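Trainee: Sequence first, then the predicted structure:
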Amino acid sequence: MAIELRVPTILRTYTGGAKAVTGDGADLAAFIDNVDGNHPGLKERIVEGDPEELRRFVNVYVNDEDVRFTGGLKTEVKDGDVVVVLPAVAGGAV
């Protein structure tokens, strides 16, 4: 069994149109690296900076828990977990 990444529509160009892909890793950072190995370009849409951290307008959840409150990229993941990436949406009229 692997860890599943559910991919939002806007990032599916990096996954060949797949709504979900799988990967491995002990923590979220390792998992994203693993997935990016099979789907190049995905990581740079989720992670930025040195030291690496989640992009400001991208929300990531592991099993419905916001990783910003569970350790960010150091959040532990295991087989059977589901990682969801949700780009933040903003806009409107003033």
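Mentor: Ah, there it is.

Trainee: center of the chain, which residue is that?
Mentor: V85 (4.7 Å; C-alpha atoms, centre = their mean).

Trainee: The helix or strand where that one lies pairs with which strands?
Mentor: Element membership for V85, per DSSP states H and E: strand 82-87. Strand 82-87 has the following strand partners under DSSP bridges: strand 3-6 (parallel), strand 58-62 (antiparallel).

Trainee: what's the offset of it from the middle of its chain?
Mentor: 5 Å (C-alpha atoms, centre = their mean, to the nearest Å).

Trainee: Show me what counts as buried in that strand.
Mentor: 83-85 (16 or more other C-beta atoms under 10 Å). Every C-beta, even on glycine, is put in place using the N, C-alpha and C of the backbone.

Trainee: Same check on stretch 44-60?
Mentor: Buried-residue list, stretch 44-60, by 16+ other C-beta under 10 Å: 45-47, 54-55, 58, 60.

Trainee: Relative to A90, which of those residues is nearest.
Mentor: Nearest to A90 among the buried residues of stretch 44-60, counting by C-beta to C-beta, is V58 at 12.4 Å.

Trainee: tell me the contacts of the closest one?
Mentor: 45-46, 85-88 (C-beta atoms under 8 Å, 6 or more residues apart in numbering).

Trainee: can you rerun that using 7 Å?
Mentor: 46, 85, 87-88 (C-beta atoms under 7 Å, 6 or more residues apart in numbering).

Trainee: Can you add pLDDT and distance to G71 and give those back as a markdown table?
Mentor: A markdown table is the format used below for the contacts of V58 (pLDDT from 0 to 100; distance: C-beta to C-beta, whole Å):
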| residue | pLDDT | distance to G71 |
| --- | --- | --- |
| I46 | 96 | 16 |
| V85 | 97 | 17 |
| P87 | 89 | 21 |
| A88 | 83 | 20 |
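
Trainee: Appreciated, that's everything.
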